[in-house]
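Colleague: any chance you can model this:
(one chain, ligands or ions: 1)
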Amino acid sequence: MTDRLRGKVAIVTGASRGIGEAIAAAMVAEGAKVVLAARKPDALHAVAEKLGDAAHAVACHTGKEEDVDALVEATVERFGQVDVLVNNAATNPYFGPMMNVEWGAWEKTFEVNLKGYFMCARAVARHLLDRKAEGSLVNVTSVLGQMAAPLQGVYGMTKAAVISMTETLSAELGPRGIRVNAIAPGLVETRFASALTANPAIRQMVLDRTTLKRLAQPEDIAGAAVFLAADESRYVTGHTLVVDGGWTTT
Ligand SMILES: NC(=O)c1ccc[n+]([C@@H]2O[C@H](COP(=O)([O-])OP(=O)(O)OC[C@H]3O[C@@H](n4cnc5c(N)ncnc54)[C@H](OP(=O)(O)O)[C@@H]3O)[C@@H](O)[C@H]2O)c1
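Modeller: Residues are numbered from 1 along each chain as shown. Got it, this is the predicted structure:
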């Protein structure tokens, strides 16, 4: 399929690698103009170059409000408007029992994964409300926001909160034509998850429970983001779409 996003402008955070890069590439392939955001400019510009004129890189720390406001402004300046936001940039600096977490790691996780998601969602929603335009906000959460997440408990709390944020924002913004949904991936082979995917015991444990008998690649998540951004999902809001190869059904 092509052109499902023709005429739409999207911001994808965390687009310099992994799931965000795959989502940005899929959106460009469907005809969208896409602004890619992440902190480190080199990798970001390399992805933008690969995607061509429909992509534009803007360095942004999503946990900093001035960066987020500048991101929306830069998108409007480059492509005229914003219709779609994919909140995807997240971090997970602490792997271990919740009882031992230090506040620095806690604060970093909540700053990027939750406050950052909210700041981006609010900035794009304000832009849509000012334009009296319809739009779609897509929050990449995790199946670890829907179940116990031993050794990743702080991360799991932020991902659970993103689901709550998705539902409440969808209720508040739905009457104004703005849809808000989430995607909950299972284990995806990216740098982010390499501590897990490189651990044979964890890898096998997830594979054993995954109905499709393989771990996800970033491209496996991108179709869900395109669907939730496109008009074909126009009656879907407040929903968390699980994309986990069946892991959490077993
Ligand atoms: N991989 C998995 O197994 C898995 C499973 C479930 C959910 N998820 C979720 O999927 C999303 C993407 O994960 P991934 O595996 O693709 O991660 P990844 O490969 O590590 O990519 C993370 C991206 O986020 C950017 N980023 C990190 N902190 C940022 C910040 N403060 N401001 C702006 N950009 C920032 C990174 O670029 P810079 O470092 O340059 O900023 C990079 O582009 C995350 O929300 C994650 O929680 C992943």
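Colleague: flag every residue of the chain that's near the ligand.
Modeller: Contact residues, the chain versus the ligand (Cβ under 6 Å from any ligand atom): 13-20, 37-40, 43, 60-63, 88-91, 112, 140, 142, 185, 187-188, 190-193. Placement of C-beta: from N, CA and C, glycine included.
Colleague: ok, and the closest non-adjacent residue to the closest residue to the ligand within the chain?
Modeller: Nearest residue of the chain to the ligand (Cβ to the nearest ligand atom) works out as Gly18 at 2.3 Å. Excluding the flanking residues, the one nearest Gly18 by Cβ to Cβ, 6 or more residues apart in numbering is Thr190, at 3.6 Å.
Colleague: in three-state terms, label that neighbour for me.
Modeller: When classified by DSSP: H, G, I helix; E, B strand; the rest coil, Thr190 comes out as coil.
Colleague: so for the longest strand anywhere in the chain, mean pLDDT?
Modeller: Counting by DSSP state E, the longest strand found in the chain is strand 178-185. Mean per-residue pLDDT for strand 178-185: 99.
Colleague: buried stuff in the helix or strand just after it?
Modeller: Using DSSP states H and E, the helix or strand that follows strand 178-185 in sequence is helix 194-197. Across helix 194-197, burial judged by 16 or more other Cβ atoms under 10 Å covers 196-197.
Colleague: show which residues not belonging to the following helix or strand past helix 194-197 make contact with it.
Modeller: Using DSSP H and E, the helix or strand that follows helix 194-197 in sequence is helix 200-209. Contact with helix 200-209 is made by 186-187, 196-197, 213-215, 247, 250, as judged by Cβ atoms under 8 Å, 6 or more residues apart in numbering.
Colleague: just the pLDDT for the residue of the chain closest to the ligand.
Modeller: With respect to pLDDT, Gly18 has a value of 98.
Colleague: is Tyr94 in a helix, a strand, or coil?
Modeller: Going by three-state DSSP: Tyr94 is coil.
Colleague: show me the residues around the nearest residue to it once chain neighbours are set aside that make contact.
Modeller: Leaving out its chain neighbours, the residue that sits closest to Tyr94 by Cβ to Cβ, 6+ apart is Ala105, at 3.8 Å. Applying Cβ under 8 Å, 6+ apart to Ala105 gives the contacts 93-94, 154.
Colleague: again, but for Met165
Modeller: Per Cβ under 8 Å, 6+ apart, neighbours of Met165: 114, 117-118, 121, 139.
Colleague: swap in Gly80?
Modeller: Counting by Cβ under 8 Å, 6+ apart, Gly80 touches Val9.
Colleague: mind listing the helices for the protein?
Modeller: Here the chain has its helices, by DSSP state H, at 18-29, 41-51, 65-79, 103-110, 117-131, 153-173, 194-197, 200-209, 219-229.
Colleague: give me the contacts around the helix or strand bottoming out on mean pLDDT in the chain.
Modeller: Every helix and strand in the chain was compared by mean pLDDT, DSSP states H and E; the lowest is helix 194-197, with a mean of 92. Helix 194-197 is contacted from outside by 95, 187, 189, 202-203, 206, 215, using Cβ under 8 Å, 6+ apart.
Colleague: now the residues of the chain next to the ligand: which count as buried?
Modeller: Listed as buried from the residues of the chain next to the ligand are 13-20, 37-39, 43, 60-63, 88-91, 112, 140, 142, 185, 187-188, 190, 192-193; burial here means 16+ other Cβ under 10 Å.
Colleague: low pLDDT regions in this protein?
Modeller: Along the chain, segments meeting pLDDT under 70 span 1.
Colleague: center of the chain - which residue?
Modeller: In the chain, the centroid-proximal residue (Cα atoms, centre = their mean) is Asn88; its distance is 2.3 Å.
Colleague: what's that residue in contact with, if anything?
Modeller: Each residue near Asn88 by Cβ under 8 Å, 6+ apart is listed here: 12-15, 19-20, 23, 140.
Colleague: give me the phi and psi angles of it.
Modeller: phi -130, psi -20 (degrees, to the nearest 10).
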